[in-house]
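> here is a sequence together with a model predicted from it:
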Amino acid sequence: MTDFSERVEQVSISGIREVFEAAGEDAINLGLGQPDFPTPEHARRAAIEAIEAGKADAYTSNKGTLELREAISAKHERDNGFSVPPENLIATSGGSEALHIALEAHVDPGEEVVYPDPGFVSYEALTHLAGGTPKPVALREDLTLDPGAVENAITDDTAAFVVNSPANPTGAVQSEDDMREFARIADEHDVLCISDEVYEHIVFDGEHRSPMEFADSDNVVVVNACSKTYSMTGWRLGWVAASDERIERMLRVHQYAQACASAPAQYAAEAALSGPQDQVEEMVAAFEERRDLLLDGLSDMGLETPTPRGAFYAMPKVPEGWVEEVIDRGVVVVPGEAFGEHGEGYARISYATGTEELKEAVEIMREATEAVR
Ligand code: PLP
């Protein structure tokens, strides 16, 4: 009989895809975690030119091309309140691999990883795959992560805690004060803070800050990607930023699991990061309009929704049977419990879809809400 590893047996394939399939082909899909915009033309061109010039045929350096890492380094200098030299960056296969190597390199069997619940599904799964023990922490009423709750969850066995702002699935954006607190907790408890910043540019109210700006030690690993900012989910290009020793340890995992990120994607990412940023601004403006449209609709239906201040998700509290009713009527949304036990009673609605479709979906949700009341 096949004997699978205990680690892999603790993880199951995400059920989100089954929800999509159950809804049928004509359904309006508000379940997706990717922007409905094209990758910027200059990024596509850069990959095509690199391929045509024969520059993308071979492995790159394990950490990624120096030019890409210089572009990421310049991006941090431009957009974030911290500096990271190219040697302290590893280009990865999306934010997903970045999270994976961060956890693999830092978590021993039996050690705990603290993360938000509801939260992005990979935190629990990758903790299991690293042999660690998941420690989900419930969110505040406004669906932000409370630094106090994180601090309470930290024990001698904690290997890391994860902060994700703006957040999937809630759209919550942590305040600067919270980020300062996360940095203090990392420093005081000498525990690693993994800051997942893949939605950093999609902020409508307030501003994105990183614990990396405030921690005075090397206790933060920043995870980021081109996926959401540049609508490049299919290209698979992300990165980690960290101190020398942490980068060296994560490189050990990356080197053997991945060798290097896809070379054509590295050229596209370099162009996306260093080229014009106006498409990002246009996308964020479109998301903000749709967020307002959706929030107005949900509020008219009487569904309480903590105001999402970033990303492209809203997470209303919904009555029992609501998700099933909405899906039956042809709109895909994801049940909150897909993101952790504290997600029960909520639904995640992605508004990364056209405005007309979103309006139609709001009407269908309105009918579904009346039907289940
Ligand atoms: N982190 C969060 C919070 C996400 O929502 C996602 C994707 O949905 C990722 C990381 C992974 O992104 P990527 O497509 O770059 O692997």
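Arrived safely.
> C-alpha only now, for contacts and for neighbours.
Will do.
> for burial, what's the neighbour tally of residue 60?
For residue 60, the neighbour count with other Cα atoms under 10 Å is 17.
> cool, the one 5 residues further on as well?
Look at residue 65: counted by other Cα under 10 Å, it has 21 neighbours.
> which ones are touching it?
By Cα atoms under 8 Å, 6 or more residues apart in numbering, the contact list for residue 65 reads residue 266.
> quick check: residue 45 vs residue 270, distance?
When distance is defined by Cα to Cα, to the nearest Å, residue 45 is 11 Å away from residue 270.
> check residue 277 too.
Distance from residue 277 to residue 270, by Cα to Cα: 13 Å.
> who has more neighbours out of the two?
residue 270 (21 against 13).
> for that one, which non-adjacent residue is closest in space?
residue 68 (4.8 Å; Cα to Cα, 6 or more residues apart in numbering).
> quick one: which helix or strand includes the one you found?
Taking DSSP states H and E as the criterion, the element that holds residue 68 is helix 66-79.
> list of residues touching that helix?
Contacts of helix 66-79 with the rest of the structure, by Cα under 8 Å, 6+ apart, involve 82-87, 89-91, 266-267, 269-270, 273-274.
> go again using 10 Å as the cut-off
Under the contact criterion Cα atoms under 10 Å, 6 or more residues apart in numbering, helix 66-79 has outside partners 60, 63, 65, 80, 82-91, 200-201, 208-209, 224-225, 238-239, 241, 266-275.
> stretch 18-28 too?
When contacts are taken as Cα under 10 Å, 6+ apart, the neighbours of stretch 18-28 outside the stretch itself are 29-32, 324, 326-335, 353-354, 357-358, 360-361, 364.
> check the residue of the stretch 251-373 of the chain found nearest the ligand and give its pLDDT.
Evaluated by Cα to the nearest ligand atom, the stretch 251-373 of the chain has residue 311 as its residue closest to the ligand, separated by 8.7 Å. At residue 311, the model reports a pLDDT of 98.
> tell me which residues touch it, please.
Applying Cα under 10 Å, 6+ apart, we find residue 311 in contact with 33, 35, 165-173, 198-204, 228-229, 284, 287-288, 291, 350-352.
> so which of those residues are in strands?
With strands taken from DSSP state E, the overlap with those comprises residue 350.
> return only those of the contacts of residue 311 found close to the ligand.
Among the contacts of residue 311, the ones lying near the ligand by Cα under 6 Å from any ligand atom are 33, 167-168, 198.
> so what's residue 51 up against?
Going by Cα under 10 Å, 6+ apart, the list of residues near residue 51 reads 45, 57, 263-264, 267.
> secondary structure class for it?
The three-state label given to residue 51 by DSSP: H, G, I helix; E, B strand; the rest coil is helix.
> now do it against residue 268, distance only.
11 Å.
> and for the two, which residues touch both?
Counting by Cα under 10 Å, 6+ apart, the contacts common to residue 51 and residue 268 are residue 45.
> who in the stretch 101-250 of the chain is up against the ligand?
Taking Cα under 6 Å from any ligand atom as the criterion, the stretch 101-250 of the chain approaches the ligand at residues 120, 167-168, 196, 198, 225, 227, 233, 238.
> pipe the residues you listed into CSV and attach distance to residue 20, neighbour count and pLDDT per row.
Supplementary listing: these in CSV, determined by distance: Cα to Cα, whole Å; neighbours: other Cα atoms under 10 Å; pLDDT from 0 to 100:
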residue, distance to residue 20, neighbour count, pLDDT
120, 18, 19, 97
167, 22, 29, 98
168, 18, 25, 98
196, 26, 24, 98
198, 24, 25, 98
225, 25, 28, 98
227, 21, 23, 98
233, 18, 19, 97
238, 26, 28, 98
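> and of the residues you listed, the nearest to residue 250?
Within those, distances to residue 250 taken as Cα to Cα reach their minimum at residue 238, with 13.8 Å.
> is the closest one bridged to anything, and to what?
When bridges are taken as DSSP bridges, the partners of residue 238 come out as residue 92, residue 225.
> just to revisit the earlier point, would you show me how to pick out the buried ones of the contacts of helix 66-79 in PyMOL?
Selection of buried members from those for PyMOL, criterion 16 or more other Cα atoms under 10 Å:
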select buried, resi 60+63+65+83+84+85+86+87+88+89+90+91+200+201+208+209+224+225+238+239+241+266+267+268+269+270+271+272+273
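> out of the contacts of helix 66-79, which are inside helices?
If you go by DSSP state H, the contacts of helix 66-79 have 266-274 in helices.
> pLDDT added to those, as CSV?
Output for those, formatted as CSV (pLDDT from 0 to 100):
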residue, pLDDT
266, 98
267, 98
268, 98
269, 98
270, 98
271, 98
272, 98
273, 98
274, 97
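> with distance to the ligand added, can I get the residues you listed in TSV?
Below are the ones in helices among the contacts of helix 66-79 laid out as TSV (distance: Cα to the nearest ligand atom, whole Å):
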residue	distance to the ligand
266	13
267	16
268	14
269	12
270	15
271	17
272	14
273	14
274	18
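> check these and tell me the two furthest apart.
Farthest pair in these, by Cα to Cα: 266 and 274, 12.2 Å.
> what is in contact with those two at once?
With contacts taken as Cα under 10 Å, 6+ apart, the residues that reach both residue 266 and residue 274 are 43, 68.
> which stretches of this protein have low pLDDT?
Judged by pLDDT under 70, the chain has its weakly predicted residues at 1, 217.
> could you redo the last one with a cut-off of 80?
When residues are selected by pLDDT under 80, those of the chain lie in 1, 14-25, 216-217.
> please name the nearest non-neighbouring residue to the most centrally placed residue in it.
Nearest to the mean C-alpha position of the chain, by Cα atoms, centre = their mean, lies residue 198 at 5.0 Å. Of all residues beyond its chain neighbours, the one nearest residue 198 is residue 224 (4.6 Å), with distances taken as Cα to Cα, 6+ apart.
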